[in-house]
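A.B. asks: build me a model:
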Amino acid sequence: MLKIYYRIWVSLFLNIKTAQNGNQNAALILSFLVLTAVNIMNTLLVSMLLILIFEIRIETDKILSMNPIIRNWSILLLFLVPNYFLIGYNKHYEILVDKYEKQNIKNLGRNYFFISFILIFILIFSTIAFPEFLT
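C.D. replies: Alright, predicted model coming up:
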């Protein structure tokens, strides 16, 4: 599973690096942020599906701080820190790029992003269009 995750990241990194005219530092930061955003979206998708299917009620005010700045930074760091340790720590990204660049499926990262976005959009639209899911 981790190999697939690394391939997705390498694909994102190489696409962003090309778009940034070869700027490796910008591509590294942007690929971290994009992958973090996609991970947050996928976690929300799975959470919402579990809530809808099993009718679980979660009181988020007891879990997360009521201060929106602290809450948003906490969520961002919760996903960004593991990405850093999986990919960025000790320049592990250089090893990953060398290892997976030749095996790169050109649009794997882009497809992963768009499929995740479309799925969460469908879920949000369906909960708006069919509010009985929420009751």
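
A.B. asks: which strand or helix spans residue 32?
C.D. replies: Using DSSP states H and E, residue 32 maps to helix 24-54.

A.B. asks: that helix packs against which elements?
C.D. replies: helix 2-19, helix 68-83, helix 108-129 (3 or more CB pairs under 8 Å, 6 or more residues apart in numbering; DSSP states H and E). Every C-beta, even on glycine, is put in place using the N, C-alpha and C of the backbone.

A.B. asks: angle of it against helix 108-129?
C.D. replies: Interaxial angle of helix 24-54 relative to helix 108-129 (axes from the mean of the first three to the mean of the last three CA atoms, to 10 degrees): 40 degrees.

A.B. asks: gap between helix 24-54 and the chain center?
C.D. replies: Distance of helix 24-54 from the chain centroid (CA atoms, centre = their mean, to the nearest Å) equals 2 Å.

A.B. asks: buried set for that helix?
C.D. replies: Applying a neighbour-count criterion of 16 or more other CB atoms under 10 Å, one finds 27-28, 30-32, 34-42, 45 buried in helix 24-54.

A.B. asks: now it against helix 2-19, angle please.
C.D. replies: Angle of helix 24-54 versus helix 2-19, following the same axes, to 10 degrees, is 130 degrees.

A.B. asks: what is the burial count for residue 22?
C.D. replies: A count of nearby residues for residue 22, using other CB atoms under 10 Å, gives 9.

A.B. asks: and it, its phi and psi?
C.D. replies: Dihedral angles phi and psi of residue 22 (degrees, to the nearest 10) take the values phi 80, psi 10.

A.B. asks: ok, now how distant is it from residue 90?
C.D. replies: As for residue 22, its distance to residue 90 is 23 Å (criterion: CB to CB, to the nearest Å).
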